[in-house]
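Trainee: Show me the folded form of this:
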Amino acid sequence: MAKKARQRISYVLDVPNSQPGGHRLGVNGLDIDKDNAILYSGGRDGVVCAWDVLDMKKDASTHADTDPDAKPKPRSKFRAQTQAHTHWVNDIVLAQNNSALVSASSDLTVKVWRPLSESQPQDSFKIGQHADYVKRVASPRGASWVASGGLDRKIYLWDLNGAGKILEIDTRGEEVAAKGSVYALSAHHRMIANGGPESIVRLWDPRTGNSITKFVGHTDVIRSILISEAGDTVLTACSDQTIKLWSVTAGRCMYTFTMHNHSVWSLYSEHPDLGIFYSSDRGGLVVKTDVRGSLDDLDHGLSLAVAQEQEGVMKVLAARNHIWTATSTSSINRWPDVSTDANIQLPPTLRHRRAASAGTTRSRHPQAASSSSSPPLSSDSAAADRREVPVIPAKSILRISNTASFPEPGDPGSEIPIESDSSAPEPIYHLPEETIEGQFGLVKHKLLNDRRRVLTLDTAGDVLLWDLIKCEVTQSYGKRHLEDVEPEVNTLEAVAPWCSIDTSSGSLTVVLEPVNCFDAEMYADELTTEELVEFREDQRINLGKWVLRYLFAKVIDEEIKRDEAHRRLLNDGVERRRVAAKRANAPTSIELPSAAAAFEGADPLSTPRVHGGQPPPLTPGLAIGMASPALPRLQDVPESAVTPTSPVERKISLFGRPSADISSKEDYFSGPVGSPEGTKQTGGVLGTPAEQAAAEAKSPGGSEKDKDGGNGKSPSTPFGKKFRMGMGMGMAKKMMRSASTATAEKQAAVDERAEESESSSSAHEKEVDDSFFGVIQRIRNEYDKQLTENPDKLVETKITPSLPNDTPVLKLPPGTKVIIQEETSGGSANLYQGTAETVGNDTDMIEQRGPMWLGEVLLQNQTPQKEPAKISFVLQPWDSSLPDLGAADGNNRLNANRMLRVKKILAYVAERIDPQPEEPDPSALKPEEYLELYCSDTLLPNTMTLATLRAHIWKGGNDVMLYYKANGRKEIPNKRPPGQPGHAGQAGQAGQAVTSSSDADESVSAIGAAVAPASSTTAA
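Mentor: From the prediction side, this is the model:
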């Protein structure tokens, strides 16, 4: 069985006052359904939103407001959203005639959302998964499949109808495999194009996955790709600040556009031949380029700087006289489009120059001239003609390439200065016509020392304080610097790391790994609980187990119900067997004994006894043996055979004892004859079989039968003795060796059979799944085993979740998201996603996909075994004012659990320098009331732990030096009391054990076990 990937649990805390409608972080993906006038957006918060574009509706013109002084109404309205992913959404695309929206995410998944569906319009479903971040998705118009590419250097084709993976294409680089990552992707019915860090554009056949060709020419990361409707032209944008036009038939670059001064990030076009396209770059510039009618001489095309964003534009989109831009902010801006038809308002000198260039082109290429006079496309509709056409500033006209003659820099008539190449162009529009506002997301965090609270900073500049256990915001500090608030709320503590924090998706995500999520503890007396709970003295609470207990509280409730139903079926069978057994043993008639048969002096009301109150007859084989000499032995019957027994007893006597015990004993003739050596006779009365077995075990001759046993004579008879004495010493030694060898062989055979039996029983144990359900299987196997051993005993539950005194009750927000993830080579993949309110309904899915360690924690209150961390320290008296605790060998190093408090160390000191009477006085001072502990000349609080004082007081890597002294409230003689050894001997009597992290009840009497001497090899 392959090793299962490690799984972890994450939970996401709800942002306060968060409402649907808007992203919390930057927007990476845009697409539009022009038929239904719906704009879609995918953000870094993992959310995919749908927006109604009101003025694109068919009846928008009939309801237009004609009052020029009226306040402009919103042109976009929130429609719906889905929390599709737990990480960034890197790209989205509409597919299947705009009925499905496919998203690619850094959570390694490809999901489809059908917002127009009548059933479950809010849910998204996974259709594919990569081994690393998924960067791009693409789908041809009308196709039933979608292509996805990512950092795992793979392109997958997924069936949108649920058939799974259709095709896999390996895009690894030729020279450097890692450079084959997919950063740009475009799909056509006849080809798929991709690019990335390799700077090579590769074309693939979507039917076979074979390579068609490749284009070499870019010098940096390729960011975006477009394919013409005919599939004969490819347009690519690159971080080398260029856009290239490639001919598939010619297999080479046809033109290079250089109108951008920054890395080009996005391309968009609705033109079938890519004659009009939009581009955006890292500097925030949005450019519209029109090369219609000049495809054979692209130098005469027109390129305009339409808009300027404050951030780099991740995605640009255009439709029906509007341009939408997505940036690293949570808002989406909409800009008016600019018509590039013949009626464009260019400066006079540039208009004539462009007309002259266009005339030259028409004279050389009549077909191109006819195409330039074709009707405008949907992006330049008739509504644009009715709107006032702005005059294009000269600085907004960009030089389309380094070889273009229009406009020519330095020409006095062009009104463009020579230095314009290096200066930023002036956009036509400086402000958007509408902004779709986003929400505020978290961008920065700081985990405090107690590791239970987190400070966060959001995009609005507000600082919030979160409680990771209660999953809520406890305080808001307004618009302040996070670094200024931290000293005000941080505490002097040192807690073991038990979780990690992630705010990359704009929300506060807490990640629990099985290797350390149960390492952190806190003392129960530091809690403020709503309900009164009695805790043990110095009880500690495990933080990881505490929060998991109530994140999955509804799963525990559901499992308890299922366990009750399962045990009910088992116990019904037990009841039926009990009833059947009673009926099978029921007598056909009952005869009451007469009064004369009752024993004398019995109460008439007492229950009649069998046998008339007389002792029952003796069972054969259990009577006391005769003291007279035994009868002659029967043929093939051992002399040690007892009175015939019942079949059951016979079986026990044969199989319950080793065969070596069944040996010949002293016979009748051995009684009156004394041994020559004068040994004492051991003959006597035979007892019960148990006594006989004991006697046989003590008999030195009962281990091996003599060879002459078949003749009915024991070696201890005079004849046997005489025979042995007549033999040589060599023969006697040989016989002794043979006997011992035979005994060893028999013993080895018995041991081997026992080992085989154990291995056979362990091999027949039922295997369980390595999942949450495996814990349930193991519990049910214990039920079956109990019924096998005790068929008439009712089955009691084995589900034992933690109690409120171990994990105090938490009332978590119902919307707290719960995620089960699995580690992969490129990150983590989601196996399950729900909320604290809905996990109970998803119990079946959690059983199959949840890890086994989670089931053990929730259902059996068992955490993975782990050696507690220890800290070494040295205890010495302050200025020799009190007796020294050093041992006779001078070793005064000790170690203890990192969570041990100062008051327990003082109790350890008091045990040795000020022993308490056997009956302590209740009014006597506690050790922490008359003793003090110092470290680095600092008085330590009684509740400080060893971990805290080492991290914040000692601040060193060697053994912690601690000094104890009296505060004067109690007189302590500066001399060790008589009979009080050093700590080494005392701790040795206590077992030299370190208290377990699960045992929080450290009484003063057990302090010797809590603080143990550290050997010279103990690590600090």
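Trainee: where does the chain dip in pLDDT?
Mentor: 1-3, 58-73, 119-121, 294-296, 349-390, 406-423, 586-765, 887-891, 974-1020 (pLDDT under 70).
Trainee: Could you list the domains of the protein?
Mentor: Residue ranges for the domains of the chain, per the TED database: 23-56+74-216, 259-342+393-401+424-438, 549-574+770-860, 870-916+925-966.
Trainee: closest to residue 252 out of the ones you listed?
Mentor: Closest of these to residue 252 is domain 23-56+74-216, at 7.6 Å (criterion: Cβ to Cβ). The way it works is simple: take the backbone N, C-alpha and C, and place the C-beta from them, glycine included.
Trainee: Which helix or which strand is home to residue 856?
Mentor: Assigned by DSSP states H and E, residue 856 falls within helix 852-860.
Trainee: Any idea how far apart the tips of stretch 280-292 sit?
Mentor: Length of stretch 280-292, first residue to last, Cα to Cα, to the nearest Å: 20 Å.
Trainee: Restrict the helix holding residue 856 to CA atoms and write it as CSV.
Mentor: What follows is helix 852-860, C-alpha atoms only, in CSV (Å, rounded to 0.1, in the frame of the first residue of the first chain):
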residue,chain,number,x,y,z
MET,A,852,-7.4,8.8,11.2
TRP,A,853,-5.7,11.1,13.8
LEU,A,854,-8.7,13.4,13.6
GLY,A,855,-11.1,10.5,14.3
GLU,A,856,-9.0,9.4,17.3
VAL,A,857,-9.0,12.9,18.8
LEU,A,858,-12.8,13.4,18.3
LEU,A,859,-14.2,10.0,19.1
GLN,A,860,-11.6,8.5,21.5
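Trainee: Give the other helices and strands that that helix contacts.
Mentor: Under the contact definition 3 or more Cβ pairs under 8 Å, 6 or more residues apart in numbering; DSSP states H and E, helix 852-860 sits against helix 543-551, helix 553-584, helix 772-789.
Trainee: what's the burial count for residue 476?
Mentor: Neighbour count of residue 476, defined by other Cβ atoms under 10 Å: 10.
Trainee: tell me which element it falls in.
Mentor: Here residue 476 is assigned to strand 472-479, by DSSP H and E.
Trainee: about what we covered before: helices and strands around the helix or strand just after the helix holding residue 856, which ones?
Mentor: Using DSSP H and E, the helix or strand that follows helix 852-860 towards the C-terminus is strand 870-877. Taking 3+ Cβ pairs under 8 Å, 6+ apart as contact, the helices and strands that strand 870-877 lies on are strand 893-897, helix 902-913, helix 946-948, strand 960-966.
Trainee: So residue 178 lies in a helix, does it not?
Mentor: Yes: the assignment for residue 178 by DSSP: H, G, I helix; E, B strand; the rest coil puts it in a helix.
Trainee: rewinding a little: now do the helix holding residue 856 against helix 772-789, angle only.
Mentor: 50 degrees (axes from the mean of the first three to the mean of the last three Cα atoms, to 10 degrees).
Trainee: Pull up the gap between residue 815 and residue 808, please.
Mentor: Distance of residue 815 to residue 808, given as Cβ to Cβ, to the nearest Å: 22 Å.
Trainee: These two - which one has more neighbours?
Mentor: Comparing residue 815 with residue 808 by other Cβ under 10 Å, the one with more neighbours is residue 808, at 21 against 14.
Trainee: Was I right to think that one contacts residue 527?
Mentor: Yes: using Cβ atoms under 8 Å, residue 808 is in contact with residue 527, at 6.4 Å.
Trainee: Now distance to residue 173 too, for the helices and strands packed on strand 870-877, in a markdown table please.
Mentor: Shown next, in a markdown table, are the helices and strands packed on strand 870-877 (distance: least, Cβ to Cβ, whole Å):
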| stretch | distance to residue 173 |
| --- | --- |
| strand 893-897 | 53 |
| helix 902-913 | 60 |
| helix 946-948 | 49 |
| strand 960-966 | 54 |
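Trainee: Packing partners of the host helix or strand of residue 522?
Mentor: For residue 522, the host element (DSSP H and E) is strand 521-523. Applying 3+ Cβ pairs under 8 Å, 6+ apart, one finds that strand 521-523 contacts strand 540-542.
Trainee: Tell me the helices and strands packed up against the strand it packs on.
Mentor: Packing partners of strand 540-542 (3+ Cβ pairs under 8 Å, 6+ apart): strand 521-523.
Trainee: So what touches the strand it packs on?
Mentor: For strand 521-523, contacts defined as Cβ atoms under 8 Å, 6 or more residues apart in numbering pick out 450, 452, 495-496, 538-543, 899, 901, 943, 997, 1000.
Trainee: if we go to 7 Å?
Mentor: With contact meaning Cβ atoms under 7 Å, 6 or more residues apart in numbering, strand 521-523 is reached by 538, 540-543, 899, 997.
Trainee: Tell me the one of the residues you listed nearest residue 330?
Mentor: The nearest member of the contacts of strand 521-523 to residue 330, counting by Cβ to Cβ, is residue 543 at 32.7 Å.
Trainee: which residue packs closest to the closest one, ignoring adjacent ones?
Mentor: Spatially, and ignoring its direct neighbours in sequence, residue 543 is nearest to residue 520 (4.5 Å; Cβ to Cβ, 6 or more residues apart in numbering).
Trainee: I'd like to know how many residues surround that neighbour.
Mentor: Residue 520 - counted by other Cβ under 10 Å - has 22 other residues nearby.
Trainee: Please report the distance of it from residue 536.
Mentor: Residue 520 sits at a distance of 19 Å from residue 536 (criterion: Cβ to Cβ).
Trainee: Now residue 517: closest residue in space that isn't a chain neighbour?
Mentor: Per Cβ to Cβ, 6+ apart, closest to residue 517 is residue 544, 3.7 Å.
Trainee: same check, this time on residue 111
Mentor: Nearest to residue 111 is residue 124, by Cβ to Cβ, 6+ apart, at 4.5 Å.
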